[in-house]
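Chemist: mind looking at a prediction? Sequence and model below.
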Amino acid sequence: MKIKVLSAAVVAAVVAWSGAVFAASAPNDPYPKAAAALYEKAKQEGAVIAYTVWDVEHIVAILDAFSKRYPGIKTSYWQGRNPEIVQRTVTEFQAGKESVDIILSDNAPPVIRAAGAIQPYETVQKDFLVLHDPTMPIVSLQIQALVYNTKKLKPGDLPKNWEDVANPKYKGNVALDDPMRAGPLSSQLAGLKELWKNDAKFAAYVKGLKALNVPVNKSTSAMFRLVVSGEYAICQPALLHDAMEERDEKHSPVEIVKTAPPVVFPRYGGIYAKAPHPNAAKLLAEWLITPEGQATLDKVGREASRKGFQSKTSIEHAYPKGTKPIPVNDKGFMEDPKKWLDTNVKPLWEG
């Protein structure tokens, strides 16, 4: 695998920009005291190793910014897809290897945790998070938005919520994610099922999506491009950062449906059970949640998990005040998405 390293100028810009925000820490923030203690131990460990699904350019910039903030800790990483990360980590755990310190990903850490290969760690900054897991710090979010092409649909014809997308009037006009691939639509279904607590409503929704009679997509970005180009009117679902970039920077004819609450899926910093540098791993996870760490994530296009963090891709920026996101936190789905989908979605989708 070729590793693309960002230029020194780009990394410096990320560090400088994020550093400017660091001073905005909340009063009575427990992080400084906790970080000071962790840093002393982390310097003795001298390194931190990450496995991640994040883009190479992103993880390079993030780890370089962390190293600037906390000198003396050598950073390294291995990048792969979620199934590869799960297989590698669980195999190493079963072999008793002290191989990695932190797993930075979305789908992989809960599966690895179910295999017993995650060391429980609760962030001291839990009160600042949109979503909180007492066993793994949530350092970022995947935020799903309902997006439409403004040239294909008039405001009066828009779906008012996620459930409305299954209305027969949108038949043939929705770019639809494959609900069985454990992608964004799959996690959305897990979130909605838990929110609704109504099996009949859930079944009607899944069957209604099937009845739209459109091909399903296995790439979120490719699906979104179909809506940007006008081939379809609605993207079910899109990622908020894609929509904001396309609308605000490229001035494409797309907009979010602001009455459909965003669906939020956690991205974790899970501490490996046999981490050779556990204090450095905890320090990295904690730093990622600080205003400085969140700004670094935001700078490379990853949504913040910290409440009140201001950016173009934050829920507060994109949606009306008081909008409550729909969380995805179903333990069964998180730890075994295939089993959950086979049980709850497959009979409705393929039946």
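Modeler: Arrived safely, thanks for sending.

Chemist: list of residues touching the helix or strand where Met244 lies?
Modeler: Counting by DSSP states H and E, the element that carries Met244 is helix 240-244. Residues outside helix 240-244 that contact it (Cβ atoms under 8 Å, 6 or more residues apart in numbering) are 143-145, 147, 220-221, 224, 254-256, 262, 301-303, 312-313, 315, 318. From N, CA and C alone the C-beta is placed, and that goes for glycine too.

Chemist: poorly predicted segments of this protein, please.
Modeler: In the predicted model, the chain carries pLDDT under 70 at residues 1-27.

Chemist: 50 instead?
Modeler: The chain contains residues with pLDDT under 50 at 1-24.

Chemist: grab the nearest non-local neighbour of the residue nearest the centre of it.
Modeler: The residue lying closest to the centre of the chain (Cα atoms, centre = their mean) is Gln142, at 3.0 Å. Leaving out its chain neighbours, the residue that sits closest to Gln142 by Cβ to Cβ, 6 or more residues apart in numbering is Phe265, at 4.1 Å.

Chemist: three-state assignment of that neighbour?
Modeler: Classification of Phe265 into helix, strand or coil gives strand, according to DSSP: H, G, I helix; E, B strand; the rest coil.

Chemist: could you report the neighbour count for it?
Modeler: Applying the criterion other Cβ atoms under 10 Å, we find 25 residues in the vicinity of Phe265.

Chemist: quick one, strands of the stretch 101-250 of the chain?
Modeler: With DSSP state E, counting those that start in this stretch as the criterion, the stretch 101-250 of the chain has strands at 102-105, 138-149, 174-177, 216-217, 234-239.

Chemist: could you dump the ones you listed to TSV with distance to Lys193?
Modeler: Shown next, in TSV, are these (distance: least, Cβ to Cβ, whole Å):
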stretch	distance to Lys193
strand 102-105	23
strand 138-149	15
strand 174-177	16
strand 216-217	19
strand 234-239	15
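
Chemist: out of those strands, nearest to Ala275?
Modeler: Ranking those by proximity to Ala275 (Cβ to Cβ) places strand 102-105 first, at 7.3 Å.

Chemist: quick one: end-to-end distance for stretch 318-332.
Modeler: Here the two ends of stretch 318-332 are set 30 Å apart, with distance taken as Cα to Cα, to the nearest Å.

Chemist: and that stretch, which residues are buried?
Modeler: 318-319, 325-330 (16 or more other Cβ atoms under 10 Å).

Chemist: so what touches it?
Modeler: Contacting residues not belonging to stretch 318-332 are listed as 110, 130-131, 133, 143, 145, 187-188, 190-195, 240, 244, 256, 258, 261-266, 312, 315, 334, 339-340 [Cβ under 8 Å, 6+ apart].
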